[in-house]
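Asker: can you look at this prediction? I've put the sequence above it.
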Amino acid sequence: MLKEFRDFILRGNVIDLAIAVVIGVAFAAVVAAFVEDIITPLIAAIGGQPDFASLDFKINGSTFRYGAFINALTSFVILAAIVFFLVVKPMNMLLARVRRGEVEAPEETNPPLSPAAERFLAELTAALRNIETRP
């Protein structure tokens, strides 16, 4: 069981996913600040009301607060547009150029390791082997 867990942790996909989550959280904070400090004042300048959270209506004593939904929807659409135009669209254009042969595809080689890094990896590998050979 420990060997399987070790293999799972050392699999590149887990590390890539962890990095993506951290970058995604940081990116969400940047987009939230952009929406709050730039887009919301623009909406206020055009429409007169920057924050829709106070919008609601009542039916038979029940209050329906639809303003927070409008705020969340606006933020989502802006985030989706930023991701599409700044990440997805440029990557699609680059991939299309690579497929046509206009841009040389980067080689997938690892940079050489320093002697200290090689020693560390050798020690780590030995330690992991010791874990799997213990009863």
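Answerer: Looks like it arrived, so ask away. Since the model is a prediction, treat every value here as computed from it, not as a measurement.
Asker: look up how far Glu123 lies from Met113.
Answerer: Just to correct that, residue 113 is Leu rather than Met. 13 Å (C-beta to C-beta, to the nearest Å). C-beta here means a position set from N, CA and C on the backbone, and glycine is covered the same way.
Asker: now swap in Asn13 and tell me
Answerer: Relative to Glu123, Asn13 is positioned 25 Å away (C-beta to C-beta).
Asker: what's near enough to touch Ile70?
Answerer: With contacts defined as C-beta atoms under 8 Å, 6 or more residues apart in numbering, Ile70 is in contact with 52, 55.
Asker: so it is in which element?
Answerer: Applying DSSP states H and E as the criterion places Ile70 in helix 67-83.
Asker: now that helix: average pLDDT?
Answerer: For helix 67-83, mean pLDDT is 80.
Asker: got the buried residues for that helix?
Answerer: By neighbour count, with 16 or more other C-beta atoms under 10 Å as the criterion, the buried positions of helix 67-83 are 71, 75, 78-79.
Asker: gap between stretch 21-28 and the chain center?
Answerer: The gap between the average C-alpha position of stretch 21-28 and the chain average comes to 5 Å, counting by C-alpha atoms, centre = their mean, to the nearest Å.
Asker: and what of stretch 78-93?
Answerer: Mean C-alpha position of stretch 78-93 versus that of the full chain (C-alpha atoms, centre = their mean) differs by 13 Å.
Asker: kindly report the same for stretch 31-48.
Answerer: On the basis of C-alpha atoms, centre = their mean, stretch 31-48 sits 23 Å off its chain's mean C-alpha point.
Asker: same check on stretch 46-66?
Answerer: A distance of 32 Å separates the centroid of the chain from that of stretch 46-66, by C-alpha atoms, centre = their mean.
Asker: can you dump the C-alpha coordinates of that stretch into PDB?
Answerer: As requested, the backbone C-alpha atoms of stretch 46-66 are provided in PDB (Å, rounded to 0.1, in the frame of the first residue of the first chain):
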ATOM      1  CA  ILE A  46     -22.700  53.800 -17.200                       C
ATOM      2  CA  GLY A  47     -25.700  52.400 -15.300                       C
ATOM      3  CA  GLY A  48     -25.600  54.300 -12.100                       C
ATOM      4  CA  GLN A  49     -25.500  51.400  -9.700                       C
ATOM      5  CA  PRO A  50     -22.200  49.600  -9.200                       C
ATOM      6  CA  ASP A  51     -23.400  46.900  -6.800                       C
ATOM      7  CA  PHE A  52     -26.500  44.900  -7.400                       C
ATOM      8  CA  ALA A  53     -26.500  43.000  -4.100                       C
ATOM      9  CA  SER A  54     -29.300  45.100  -2.700                       C
ATOM     10  CA  LEU A  55     -31.700  44.200  -5.500                       C
ATOM     11  CA  ASP A  56     -34.600  42.000  -4.500                       C
ATOM     12  CA  PHE A  57     -38.300  41.500  -4.700                       C
ATOM     13  CA  LYS A  58     -41.000  40.100  -2.500                       C
ATOM     14  CA  ILE A  59     -43.800  37.700  -3.100                       C
ATOM     15  CA  ASN A  60     -46.200  36.700  -0.300                       C
ATOM     16  CA  GLY A  61     -43.600  37.700   2.400                       C
ATOM     17  CA  SER A  62     -40.700  35.800   0.700                       C
ATOM     18  CA  THR A  63     -37.700  37.900  -0.400                       C
ATOM     19  CA  PHE A  64     -35.900  36.900  -3.600                       C
ATOM     20  CA  ARG A  65     -32.400  38.500  -3.600                       C
ATOM     21  CA  TYR A  66     -31.400  38.300  -7.200                       C
END
